[in-house]
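Fold the following.
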Amino acid sequence: MPTYAFRTGKGDEDIDEILSRVPISARSWFLKEAVRFRVEMGDELKKLNQNIESLLGGGGLAVPETRQETNNDMDMDDMLALGIGDLLS
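Below you'll find the model as predicted:
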């Protein structure tokens, strides 16, 4: 089984601070879970960020008007974007 190691350096004080709060015995687990989260949620977080930027920029939602009229046909991304729009208004 491969072993991975890394060093923190100048500018990584935020990482040092976070890892110093994690018990040594749990750091390996913590890092593996962080990598898994990033891989699994990376695209979803990117979409969410784009929707938020669109709302804050005044560009409105990137959802077609016909999709907004029929709530039964909305997918999860559309509902999330509309919910964020409601919260920000």
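
can we go C-alpha only for contacts and neighbour counts from here?
Noted.

Now do the helix or strand residue 31 falls within: which elements does it pack against?
If you go by DSSP states H and E, residue 31 is part of helix 27-56. On a contact count with 3 or more CA pairs under 8 Å, 6 or more residues apart in numbering; DSSP states H and E, helix 27-56 meets helix 76-88.

list the buried ones in stretch 46-59?
Of all the residues in stretch 46-59, those buried under the rule 16 or more other CA atoms under 10 Å are 48, 51, 52, 54, 55.

Look up how far residue 19 lies from the nearest residue to the second one once chain neighbours are set aside.
Spelled out, that is residue 51. Among residues not flanking residue 51 along the chain, residue 81 sits closest, at 6.2 Å (CA to CA, 6 or more residues apart in numbering). For residue 81, the distance to residue 19 equals 33 Å [CA to CA, to the nearest Å].

Look at these two and report which has more neighbours.
Taking other CA atoms under 10 Å, residue 81 and residue 19 do not tie; residue 81 has more neighbours (22 against 15).

Angles on the backbone of residue 2, please.
According to degrees, to the nearest 10, the main-chain angles of residue 2 amount to phi -70, psi 150.

what's the spacing between it and residue 82?
Between residue 2 and residue 82 the distance is 44 Å, computed by CA to CA.

roughly how far apart are residue 31 and residue 50?
Counting by CA to CA, the separation of residue 31 from residue 50 is 27 Å.

And residue 10, by the same measure?
Distance, residue 10 to residue 50, using CA to CA: 31 Å.

Check residue 6 too.
Applying CA to CA to residue 6 and residue 50 gives a distance of 31 Å.
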